[in-house]
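A.B. asks: Build me a model from this:
(one chain, ligands or ions: 2)
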Amino acid sequence: MIILAIESSCDETSVAVLKDEREILSHVLVSQMDVFKKFGGVVPEIASRNHVSVITQLIDQALKNAHISPQDLSLVAVTEGPGLIGALLVGVNAATAFAYANQLPIIGVNHLAGHIYSANLIQPFQFPLLAFLVSGGHTELVYMKEHMSFEVIGETLDDAVGEAYDKVAKMLGLGYPGGPIIDQLALLGEDTYHLPRPKLESHGLNFSFSGLKSAVANIIGKEKEKININNMCTSFQSAVLEVIQFKLEKVYDHYEVNQTIVVGGVAANIGLRRMLEQQFQSRNIIVPPLNYCTDNAVMIAAAAFHQYHLNPSFKDYVLGGQANLSL
Ligand code: KG4
Ligand code: ZN
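C.D. replies: Numbering: from 1, shown residues only. Ligands and ions are numbered 1, 2, ... in the order given. The predicted structure is shown next:
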């Protein structure tokens, strides 16, 4: 089975061609990260326009790099949400038009399922598994007993981890996206600020990062230019990692887990990767390579493969121009 997948939910436009479960025939991506550096965050309208200007070329390029023509494809898959609505629409419309023109079936894929399936590209899932999804928009602990079955057992009650990184970086005047910058500077400092560790005992497996963010804001407000940036980055990252470690231990205490996968943009975090290696050596933890942690179309194709096989009714999406995608 050969799948062409499109991802355009935020500021990356990406197209991939995947053969069966994990043979990547091609993957092309245009990131708008540099465009949004000067705005300090993604501007949805600009993101949508930029998706429009590259998506057709990227589809052509992905087919060319895979050395195939549209007739060789079995399925078109596209991220249908969650994400920026205008950005999603560009991908959905491009995918629908391409599928209709080439008389191919099309399915809509959940972006978070895509992130989770980025790990299945690296190693086959071993159920029951724990997927820890940490990105700019999400912080979720997802328990999976079989393919495409997702039970959310914990999530953030306010800011996502990546969002907290980005906001703290902004307060410190470090630029966008803040996660990788704080991660690098955290290597150079010491945990001198002793920030709160919001463990939310009463909220079980849920997270909350807004209090931690406010604690940083309060110190910046009081100490202003006296802030030691490196130490603040180390202190913030230490607090985040301690909370994550605490929650993972809690999951292992209460659930049978044969494999843990850590996915999403924040999975690129060096401190997080180190902590996982040191604290959970025996836990069969899979963290995909960096280029599959951040948004990409390969992960969408990887999820689509299982979605299509598990739900034969998706085959009814075939032809006729009715893509049946609900956003
Ligand atoms: O998954 P992603 O590419 O986009 C979505 O949010 O769906 O994640 C982007 C987020 C941003 O908040 C960025 O700051 C964060 O991932 N991030 C990091 C690191 N690299 C990216 N956060 C902490 N440490 C990093 N090394
Ligand atoms: Zn994402």
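
A.B. asks: Which helix or which strand is home to L88?
C.D. replies: Element membership of L88, judged by DSSP states H and E, is helix 85-101.

A.B. asks: Tell me which other helices or strands the next helix or strand after that helix touches.
C.D. replies: For helix 85-101, the following helix or strand on the C-terminal side (DSSP H and E) is strand 106-110. For strand 106-110, the packing partners by 3 or more C-beta pairs under 8 Å, 6 or more residues apart in numbering; DSSP states H and E come out as strand 75-81, helix 85-101, helix 297-310. In this view, the C-beta of every residue, glycine as well, is placed from N, C-alpha and C.

A.B. asks: Can you dump the C-alpha atoms of the shortest one in CSV for me?
C.D. replies: Once side chains and other backbone atoms are set aside, the C-alpha atoms of strand 75-81 remain, and they are given as CSV (Å, rounded to 0.1, in the frame of the first residue of the first chain):
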residue,chain,number,x,y,z
LEU,A,75,-4.6,6.3,-0.5
VAL,A,76,-4.4,10.0,0.2
ALA,A,77,-4.3,11.1,3.9
VAL,A,78,-4.5,14.6,5.3
THR,A,79,-4.4,16.1,8.8
GLU,A,80,-7.9,17.2,9.6
GLY,A,81,-7.3,18.7,13.1
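
A.B. asks: quick one, phi/psi of the residue in the stretch 201-327 of the chain that ligand 2 sits nearest to?
C.D. replies: Here the stretch 201-327 of the chain gets closest to ligand 2 at one residue, D295, 4.4 Å apart by C-beta to the ion. The phi and psi values for D295, taken as degrees, to the nearest 10, are phi -60, psi 130.

A.B. asks: State the distance from it to G86.
C.D. replies: Between D295 and G86 the computed distance is 16 Å (C-beta to C-beta, to the nearest Å).

A.B. asks: where do the strands sit along the protein?
C.D. replies: Taking DSSP state E as the test, the strands found in the chain are 2-7, 12-19, 23-31, 75-81, 106-110, 129-134, 139-144, 151-155, 259-263, 285-286.

A.B. asks: So what touches the last one?
C.D. replies: Among residues not part of strand 285-286, those counted as contacts by C-beta atoms under 8 Å, 6 or more residues apart in numbering are A119, I122, Q123, Q259, T260, I261, V262, L276, E277.

A.B. asks: Excluding sequence neighbours, find me the nearest residue to the third one.
C.D. replies: With C-beta to C-beta, 6 or more residues apart in numbering as the measure, I286 is the residue that lies nearest to Q123, at 5.4 Å, once sequence neighbours are left out.

A.B. asks: and the one you found, how many neighbours?
C.D. replies: When neighbours are defined as other C-beta atoms under 10 Å, I286 has 20 of them.

A.B. asks: now swap in the one 4 residues further on and tell me
C.D. replies: One way to gauge burial is a neighbour count; for L290, by other C-beta under 10 Å, it gives 11.

A.B. asks: one step back: so the residue of the stretch 201-327 of the chain closest to ligand 2 sits right up against A16, yeah?
C.D. replies: No. Using C-beta atoms under 8 Å, D295 makes no contact with A16, being 11.5 Å away.

A.B. asks: list residues touching both of these two?
C.D. replies: Common neighbours of D295 and A16 (C-beta under 8 Å, 6+ apart) are E7.

A.B. asks: list the buried ones in stretch 60-75?
C.D. replies: Buried residues in stretch 60-75, counted by 16 or more other C-beta atoms under 10 Å: A62, L63, A66, I68, L73, L75.

A.B. asks: Then stretch 174-189?
C.D. replies: Buried residues in stretch 174-189, defined by neighbour count with 16+ other C-beta under 10 Å: L174, Y176, P177, G178, G179, P180, I181, I182, D183, L185, A186, G189.

A.B. asks: so how many other residues sit close to R274?
C.D. replies: R274: 12 surrounding residues under other C-beta under 10 Å.

A.B. asks: An error on my part: the question was meant for I244.
C.D. replies: I244 has 24 neighbouring residues, counting by other C-beta under 10 Å.
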